[in-house]
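Q: Prediction below, plus the sequence it came from.
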There are 2 protein chains.
Amino acid sequence: MRLATVATPDGATYAAVRCGDAWRALPAPDLSTLLTRDAWRDLAADPGAELSGATPVNPLPRPGKVICAGLNYAEHITEMGRDLPSHPTLFAKFADTLTGPHDAIHAPAAVELDWEAELAVVVGTELRGATEDDARRSIAGYTIANDISVRDWQRRTLQWLQGKAWDATTPIGPVVVTPDELDPEAGVEVTCEVNGATVQRGNTRTLVFGAATLLAYISQFTTLRAGDLVLTGTPGGVGMGMEPPRFLADGDVVRTAIAGIGALENTIHLT
Amino acid sequence: MRLATVATPDGATYAAVRCGDAWRALPAPDLSTLLTRDAWRDLAADPGAELSGATPVNPLPRPGKVICAGLNYAEHITEMGRDLPSHPTLFAKFADTLTGPHDAIHAPAAVELDWEAELAVVVGTELRGATEDDARRSIAGYTIANDISVRDWQRRTLQWLQGKAWDATTPIGPVVVTPDELDPEAGVEVTCEVNGATVQRGNTRTLVFGAATLLAYISQFTTLRAGDLVLTGTPGGVGMGMEPPRFLADGDVVRTAIAGIGALENTIHLT
């Protein structure tokens, strides 16, 4: 199934499932709400009316937790000048950090804005102290994220949060694809283009810590719940790794794609 | 005013204000809810019935954001072997990380559990791109926190989150004291005792970045809202800084006190 939160021309939003060429309504105003219902899989299998003119927006407006892995593709780790890790590097974002799949991304012109295309995992059931098998079964689906980062703020201190949690800078979506239709362990391609030129190309089969491993690891210290989001890290090719470093400019269009899910397309607005 | 979330013998919770020897009810089930109402200051000034047998619990069960400063007392920075910073070091916790002022703290016996007594600031109105003066006026009040940390997990990677966000390990409370009754810029003493022996003693007048400075800084990248919580960092005397390092043992009692607010008292349960 391909799930989304969609907006209709009258401004309402709905959780929705893709049926052929159409979005059909599910009984919740968004996916964050739908996923909190125990029977969400059954509800999604029995959709309501077709929603004409519906377009996907941020699928998860209210995740309880957004946890991100850094340094999780071997080639990106090398690019950043680091050794392969024995534990996942984790940091948090806020619900406010997220934005929609086609929203403009606003930032001050003075900051160093960089791209990080990522596979993101949507949690489908509560996990605490989970095994990898439990974690794998709990996955609601996969979506695309771009962990747009403010590099100069990220480097100001040892902790990355202040470079990673600028409001409305991490686009996600456009759809959440359930695991029966997508297998990142077998490998899906993750790409990022800036103004049509490919800057990142990685494959999720080369993740150091895969989706289920990350969920199980995180659940050793904190509870994950339906609708929580885990970003799996970015492959090589970020702007700060270039010689000389390259950062996003006003008007740049960032296209983030994952085979089998779709693409985000976000225009940068610097002021 | 001294505000709290209190539990009554019948198991209900209430936002409450201290009047003499008694807690009197405010029209919300907890402070998180009360603070989302624009008129919370007026409501708090006109309390309802006395709540007999009421005891303070976690004052903020549902903060939208919990943001923590690290390395913010000069002597603790030296103890950790670092230089004085030009920007605050920030990381996040989750609402799940918090626990009540007298709750036991549970962790696996294998981990290195350490104490960090801290002044915490409760946001009272929305802040985005705020000046320090705006930020100072927005402060709802101050409470006590102990940023109990799992040092071995904190050191596993560059990012501290996985050592800082174990569920129900950061006690806060017992009350939120409004700024008219407490001035951390003038200086209040922050202490931590383990089994009755003082291990930390600092004064908030020596904070590198004070409460209003932290709120204004954070609001440059993300929106703070009423009920959000900002921890201001810990003074010198943590266990990992001792020679040899000392970590919390099963049955240890950690008492965290701030003059003018009160004290947390939490027993460690390792399993």
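A: Received it, and whenever you're ready, just let me know what you need.

Q: What count of nearby residues applies to A:D180?
A: Look at A:D180: counted by other C-beta atoms under 10 Å in any protein chain shown, it has 8 neighbours. Where you see a C-beta, it was placed from the backbone N, CA and C, and this is true even at glycine.

Q: Kindly export stretch A:181-196 (C-alpha atoms) in PDB.
A: Only the C-alpha atoms of stretch A:181-196 are listed here, as PDB (Å, rounded to 0.1, in the frame of the first residue of the first chain):
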ATOM      1  CA  GLU A 181       6.000  -3.400  -1.500                       C
ATOM      2  CA  LEU A 182       9.500  -2.200  -0.600                       C
ATOM      3  CA  ASP A 183      12.500  -4.000   0.800                       C
ATOM      4  CA  PRO A 184      15.400  -1.600   1.700                       C
ATOM      5  CA  GLU A 185      17.500  -4.600   3.000                       C
ATOM      6  CA  ALA A 186      17.500  -6.000  -0.500                       C
ATOM      7  CA  GLY A 187      18.400  -2.500  -1.700                       C
ATOM      8  CA  VAL A 188      16.700   0.600  -3.000                       C
ATOM      9  CA  GLU A 189      18.400   3.500  -4.600                       C
ATOM     10  CA  VAL A 190      18.500   6.900  -2.800                       C
ATOM     11  CA  THR A 191      19.400  10.000  -4.900                       C
ATOM     12  CA  CYS A 192      19.600  13.700  -4.500                       C
ATOM     13  CA  GLU A 193      19.700  16.200  -7.400                       C
ATOM     14  CA  VAL A 194      20.300  19.900  -7.100                       C
ATOM     15  CA  ASN A 195      18.900  21.800 -10.100                       C
ATOM     16  CA  GLY A 196      18.800  18.600 -12.100                       C
END
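
Q: quick one: contacts of that stretch?
A: Residues from elsewhere that reach stretch A:181-196, judged by C-beta atoms under 8 Å, 6 or more residues apart in numbering or on different chains: A:1-2, A:115-119, A:141-142, A:144, A:146, A:198-207, A:210-212, A:232, A:234-235, A:237, A:248, A:252-261.

Q: Of the residues you listed, which ones also sit close to chain B?
A: Among those, no residue is within reach of chain B (C-beta under 8 Å from any C-beta of the partner chain).

Q: Could I have the ChimeraX command that selects the buried members from the residues you listed?
A: To isolate the buried members of the contacts of stretch A:181-196 in ChimeraX, using 16 or more other C-beta atoms under 10 Å in any protein chain shown:
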select /A:1,2,115,116,117,118,119,141,142,144,146,199,200,201,202,203,204,207,210,211,212,232,234,235,237,248,252,254,255,256,257,258,261
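
Q: Would you confirm that A:A168 contacts A:D103?
A: Yes: checked against C-beta atoms under 8 Å, the pair A:A168 and A:D103 is within contact range at 7.0 Å.

Q: which parts of the stretch 101-250 of chain A sit against chain B?
A: Residues of the stretch 101-250 of chain A lying close to chain B (C-beta under 8 Å from any C-beta) are A:128, A:150, A:153, A:156-162, A:165-167, A:218, A:221-223.

Q: Surely A:H269 and A:I105 touch.
A: Yes: if you go by C-beta under 8 Å, A:H269 and A:I105 touch, sitting 6.8 Å apart.

Q: okay, the two: which has more neighbours?
A: The residue with more neighbours, out of A:H269 and A:I105, is A:I105; 21 against 13, by other C-beta under 10 Å.

Q: list the contacts for that one?
A: Residues near A:I105 by C-beta under 8 Å, 6+ apart: A:99, A:113, A:148, A:168-169, A:171, A:254, A:266-269.

Q: before we move on, what about A:N266?
A: A:99, A:101-105, A:146, A:148, A:171, A:253-254, A:256.

Q: How about A:V122?
A: A:31, A:35, A:59-60, A:139-143, A:176, A:227-229.

Q: Let me know the closest of these to B:V66.
A: Closest approach to B:V66 among the contacts of A:V122 (C-beta to C-beta): A:D228, at 15.8 Å.

Q: coming back round to it: who wins for neighbours among the contacts of A:V122?
A: Within the contacts of A:V122, A:L31 tops the neighbour count with 34 neighbours, counted by other C-beta under 10 Å.

Q: That one contacts A:L3, doesn't it?
A: Yes: counting by C-beta under 8 Å, A:L31 does reach A:L3; the two are 5.9 Å apart.

Q: which residues are common contacts for the two?
A: A:15, A:59, A:176.

Q: can you list those in TSV and add secondary structure and pLDDT?
A: Shown next, in TSV, are these (DSSP: H, G, I helix; E, B strand; the rest coil; pLDDT from 0 to 100):
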residue	secondary structure	pLDDT
A:A15	strand	98
A:P59	coil	98
A:V176	strand	98
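
Q: quick check, nearest of those residues to B:Y73?
A: A:P59 (41.9 Å).

Q: just to revisit the earlier point, which one among the shared contacts of A:L31 and A:L3 gets closest to B:R82?
A: Nearest to B:R82 among the shared contacts of A:L31 and A:L3: A:P59, at 40.3 Å, using C-beta to C-beta.

Q: Who are the contact partners of the closest one?
A: A:3-5, A:30-31, A:122, A:143, A:172-176.

Q: and the residues you listed as JSON lines, adding secondary structure?
A: Converted to JSON lines, these look like this (DSSP: H, G, I helix; E, B strand; the rest coil):
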{"residue": "A:L3", "secondary structure": "strand"}
{"residue": "A:A4", "secondary structure": "strand"}
{"residue": "A:T5", "secondary structure": "strand"}
{"residue": "A:D30", "secondary structure": "coil"}
{"residue": "A:L31", "secondary structure": "helix"}
{"residue": "A:V122", "secondary structure": "strand"}
{"residue": "A:T143", "secondary structure": "strand"}
{"residue": "A:I172", "secondary structure": "strand"}
{"residue": "A:G173", "secondary structure": "strand"}
{"residue": "A:P174", "secondary structure": "strand"}
{"residue": "A:V175", "secondary structure": "strand"}
{"residue": "A:V176", "secondary structure": "strand"}
